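Participant: Sequence and computational prediction follow.
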Amino acid sequence: MSTTIIQPDSPTGPLTSYRAAVVHEFGRPLTLDTVPAGGLTAGQVRVRVEATGLCHTDIHAAHGDWPVKPSPPFVPGHEGVGVVAELAADVTEVAVGDRVAMPWLGYACGHCDHCMSGWETLCLEQKNMGYSFDGTFGEYATAYARYVVKVPAGVDPFDAAPLTCAGVTTYKAVKVAGTRSSDLVAVFGVGGLGHLAIQYAAIAGGRVIAIDIHDDKLTLARELGAEFTINALEEDPIEAIQKLGGADQAIALAVAPKAFEQAYGSLRRGGTLVFVALPADNEVKLPIFETVLNGITIVGSIVGTRAELRDVFALHAAGKTTVIRETRPLADVNEAMADVEAGRVAARIVFTP
Ligand SMILES: [Zn+2]
Ligand SMILES: [Zn+2]
């Protein structure tokens, strides 16, 4: 791994400004602006961004889709990977020149019940990268040293970017689902998240069923280890999966409430449904009677911890996972968002700043 020390742009002092993609108003195109860098406060690092993935969450952020909204103007992006360029005086966790990943969980308090029990993702004091503070859609980003994760040697930064959200989120979802060898795992939605969920479910020993409405994505799913695929426009996934005996676990990754209901219906008795995707339409209709009688578990799963992101990077460094992504310049952010929304992207777009 390169050990080149990357210094701040100006030899006379810290960085003063950089280019970034900014949301000025919900639902309007982002603009590429020069933004002030600002000084680092205690615990912070400045990272020169090499690669930053486009997650559906960034699109929801830019649209102001969810009940808790970011406050424009802001810079989205939480799949950022880059090299540490500057440190606040008190930082000991990383050094200038380290390659780090900047995930959604940008900061947590470190001492509440959740943080203390390894559930920092539930911390009420958490701050989210690209949502409650400026994210990684820029030449630089400011992060908290304690919540960045070092990217190991041998992991390509353009692979590391999607692993930083899509990877850790689906790795955690499979963990929460409790997949064990020979379990039948239904993965609803084969996009940026789904293509990785299939691989983590297979690594855990599961037999994977992939469900999508695009045939090219189902072809990709088979290449990545799905044993069965279902095009939900051509056949009823509930019927097809029940014919296979019903899913032990179903993971809902498609941003459509209907897919959640289909995922529920695909379960066998005693099965587990994991909610991961966050559709703008925030309602699903599920029956109480069948949930009780069939002993169904429904669980929500939000991203993953720093320790889990380390696991994700270790699996990738060991050659166990494949990241499907295409690279585009950050200047094309609006077109890229439109393509993701229209389902025109195989898996993940990764921007170069
Ligand atoms: Zn994300
Ligand atoms: Zn906490």
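Facilitator: Alright, I've got the coordinates. Ligands and ions are numbered 1, 2, ... in the order given.

Participant: Next up, the contacts around the residue nearest to Gly206 when sequence neighbours are not counted.
Facilitator: Spatially, and ignoring its direct neighbours in sequence, Gly206 is nearest to Val185 (3.9 Å; CB to CB, 6 or more residues apart in numbering). Every C-beta, even on glycine, is put in place using the N, C-alpha and C of the backbone. Going by CB atoms under 8 Å, 6 or more residues apart in numbering, Val185 touches 174, 177, 179, 201, 206-209, 247-251.

Participant: any idea how far Glu120 is from Val185?
Facilitator: According to CB to CB, to the nearest Å, Val185 stands 26 Å off from Glu120.

Participant: near ligand 2, which residues of this structure?
Facilitator: 108-109, 112, 115, 123 (CB under 5 Å from the ion).

Participant: Give me the PyMOL select line for those residues, limited to the buried ones.
Facilitator: To isolate the buried ones among the residues of the chain next to ligand 2 in PyMOL, judged by 16 or more other CB atoms under 10 Å, type:
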select buried, resi 108+112+115+123
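
Participant: How about the residues of the stretch 151-300 of the chain by ligand 1?
Facilitator: Checking the stretch 151-300 of the chain against ligand 1 by CB under 5 Å from the ion, the hits are Cys165.

Participant: now the helices for the stretch 151-300 of the chain?
Facilitator: 157-162, 168-177, 194-203, 215-223, 237-243, 257-265, 288-293 (DSSP state H, counting those that start in this stretch).

Participant: Reformat the contacts of Val185 into a markdown table and put pLDDT next to each item.
Facilitator: Shown next, in a markdown table, are the contacts of Val185 (pLDDT from 0 to 100):
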| residue | pLDDT |
| --- | --- |
| Val174 | 98 |
| Ala177 | 98 |
| Thr179 | 98 |
| Ala201 | 98 |
| Gly206 | 98 |
| Arg207 | 98 |
| Val208 | 98 |
| Ile209 | 98 |
| Ala247 | 98 |
| Asp248 | 98 |
| Gln249 | 98 |
| Ala250 | 98 |
| Ile251 | 98 |
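
Participant: can you tell me which of those are in strands?
Facilitator: Taking DSSP state E, the ones among the contacts of Val185 that sit in strands are 207-209, 247-251.

Participant: Would you reformat those residues as a markdown table and include distance to Ala346 and neighbour count?
Facilitator: Below are the ones in strands among the contacts of Val185 laid out as a markdown table (distance: CB to CB, whole Å; neighbours: other CB atoms under 10 Å):
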| residue | distance to Ala346 | neighbour count |
| --- | --- | --- |
| Arg207 | 23 | 19 |
| Val208 | 18 | 27 |
| Ile209 | 20 | 25 |
| Ala247 | 25 | 31 |
| Asp248 | 28 | 21 |
| Gln249 | 25 | 29 |
| Ala250 | 23 | 32 |
| Ile251 | 19 | 31 |
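
Participant: Run through the chain and note the low-pLDDT ranges.
Facilitator: 1-13 (pLDDT under 70).

Participant: try it again with 90
Facilitator: Along the chain, segments meeting pLDDT under 90 span 1-15, 38, 66-67, 255, 278-281, 341-347.

Participant: now the residue nearest in space to the middle of it: how far from Gly80?
Facilitator: Of all residues in the chain, the one closest to the mean position by CA atoms, centre = their mean is Cys165, 2.4 Å from it. Computed as CB to CB, the Cys165 to Gly80 distance reads 10 Å.

Participant: repeat for Ile198
Facilitator: 25 Å.

Participant: Comparing the two, which residue is more hemmed in?
Facilitator: Ranked by neighbour count (other CB atoms under 10 Å), Ile198 and Gly80 place Gly80 first, with 32 against 29.

Participant: Just the terminal-to-terminal distance for stretch 281-295.
Facilitator: 27 Å (CA to CA, to the nearest Å).

Participant: Brilliant, that's me finished.
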